[in-house]
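Participant: just a sequence and a predicted model for now, questions to come.
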There are 2 protein chains.
Amino acid sequence: MAKTDTRIQKKNQAAIMDAGLAVFSQFGFRGSTLDQVAEAAGLSKPNLLYYFRSKDAIYTALLAKLLENWLEPLREINAEGDPVQELLGYANRKLDMSQHYPRESRLFANEIIQGAPRIADVLQGELRGLVDEISQVINDWVAAGRIKSVDPRHLIFSIWALTQHYADFDVQVRAILGDVDPFDGAQAYLEAMLRGLLEV
Amino acid sequence: MAKTDTRIQKKNQAAIMDAGLAVFSQFGFRGSTLDQVAEAAGLSKPNLLYYFRSKDAIYTALLAKLLENWLEPLREINAEGDPVQELLGYANRKLDMSQHYPRESRLFANEIIQGAPRIADVLQGELRGLVDEISQVINDWVAAGRIKSVDPRHLIFSIWALTQHYADFDVQVRAILGDVDPFDGAQAYLEAMLRGLLEV
DNA sequence: CAATAATTTGACCAACTGGTCAAAGGCAGG
DNA sequence: CCTGCCTTTGACCAGTTGGTCAAATTATTG
């Protein structure tokens, strides 16, 4: 089974992942049912369980795939680059993810709000380590007088919070903005906010 | 039933609301069970349904109570006051709510992430109207040169996003900060951010 | 204290849940 | 066309779910 995936396997596995993402990101793990996922994937429930051994397996696979991409933009921050440009770039990459992968953002948000039972170790290990590293870089920038003094961890939180807000609270944002596209204004606002906060 | 509430009714209704808040805020509506709520309230399930006619009734009552307090801080912004102080005050009130009522914040977040099926009308009506009003006030401040030019709606989003982040993503924040209290740093950061963005 | 009303509970139910399984259907290579 | 494997499915199951109800228990009041 692990050796070679037939075309039909690849197609159905992809359909299940996509369906699972749609369902789990909206209702959370416990609020979702296999029937929902099966219907969204266009498969019968037993057929779905032919490809994934359990509901948990689908969800876990989704989370694993998500985490791969989730930490990536943070890694791309370059200590040698221009501080403001690097941080603006990071914020923009995160905002792009909210725009183009809102379901992934909501899946992550659901998991965290519910206490992150399955990824607590990633948060305390890989994520924390990465944030520690970047925080050191930012502190160095501050010490070198290249940006204003700022708590690096709260700076990172603010970039996460703001960018993910447009995906996670999409309904609310659209209720308030009406027909206006959220992301144009968001990009400009984010840049102004970071420049005001960081530029010496 | 609506005329007079006996002591015992008040006590049990309060216990149910508190239990419902704890359970629904963690698992969302569909992910929560009446048994969980009943156990958290220290009541049997039929006894719980003696006070609320259905699971939905508990959840709806919680949401209604929440929305009362949710919009309040926004109403307190005073068009006659000092712009920066007013907005800082608003941000601080929201941050206090995240600190002292994190479950309410998560309940709201869960509802919004899941598409806000029960409060879409409030978002498009009351909330939107309120935001429109405050946006006008902020635009006037900008026009009068009292704060820098800024999109008022995205400014409001950023205050929501940042303050609620500390409640909704509590697990992640604590995983990264360790023993450090999040709210001290958050308050200072938020103030620096808003001053950098707004002060002329 | 008796009677009445308010509260609590055990037993129960139909619908739904995640998951199993044997059998059937489809498809490639010979 | 046949054989063997991959894929799909209908029927089914045990546990859980939201909710009901009559009966028992506990206040409250005259």
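Facilitator: Great, that's in hand.
Participant: enumerate every residue touching the closest residue to A:Val84 other than its chain neighbours.
Facilitator: Counting by CB to CB, 6 or more residues apart in numbering or on different chains, the nearest residue to A:Val84 once its immediate chain neighbours are dropped is A:Leu198, at 5.4 Å. Heads up, the C-betas are built off the backbone N, CA and C, glycines and all. When contacts are counted by CB atoms under 8 Å, 6 or more residues apart in numbering or on different chains, A:Leu198 touches A:83-84, A:87, A:147-148, A:150, B:196.
Participant: show me the domain layout of chain A.
Facilitator: A:7-65, A:71-198 (automatic domain parsing).
Participant: pull up the distance across the longest one, start to finish.
Facilitator: In this case it means domain A:71-198. 23 Å (CA to CA, to the nearest Å).
Participant: for stretch A:95-114, same thing?
Facilitator: The first-to-last residue distance of stretch A:95-114 comes to 23 Å (CA to CA).
Participant: that one close to DNA strand C?
Facilitator: No: using CB under 7 Å from any atom of the strand, stretch A:95-114 never reaches DNA strand C; the gap is at least 14.9 Å.
Participant: what's that stretch in contact with?
Facilitator: A:21-22, A:24-26, A:28-30, A:62-63, A:66, A:69-70, A:73, A:118-119, A:163-168, A:170, A:183, A:186-187, A:190, B:26-28, B:31, B:106, B:109-110, B:113, B:168-169, B:171-172.
Participant: neighbours around A:Glu86, how many?
Facilitator: By other CB atoms under 10 Å in any protein chain shown, 20 other residues sit near A:Glu86.
Participant: again but with A:Leu74, I slipped
Facilitator: With other CB under 10 Å as criterion, A:Leu74 counts 18.
Participant: ok so, going back, just the contacts of stretch A:95-114: which are in helices?
Facilitator: Within the contacts of stretch A:95-114, residues falling in helices by DSSP state H are A:21-22, A:24-26, A:28-30, A:62-63, A:66, A:69-70, A:73, A:163-168, A:170, A:183, A:186-187, A:190, B:26-28, B:31, B:106, B:109-110, B:113, B:168, B:171-172.
Participant: buried among those residues? Make that a PyMOL selection.
Facilitator: In PyMOL, this line selects whichever of these come out buried by 16 or more other CB atoms under 10 Å in any protein chain shown:
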select buried, (chain A and resi 21+22+24+25+26+28+29+30+62+63+66+70+73+163+164+165+166+167+168+170+183+186+187+190) or (chain B and resi 26+27+28+31+106+109+110+113+168+171+172)
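Participant: please tell me how far the residue nearest to A:Leu155 when sequence neighbours are not counted sits from DNA strand C.
Facilitator: Nearest residue to A:Leu155, sequence neighbours excluded (CB to CB, 6+ apart): A:Ile138, at 6.7 Å. If you measure A:Ile138 against DNA strand C using CB to the nearest atom of the strand, to the nearest Å, the figure is 43 Å.
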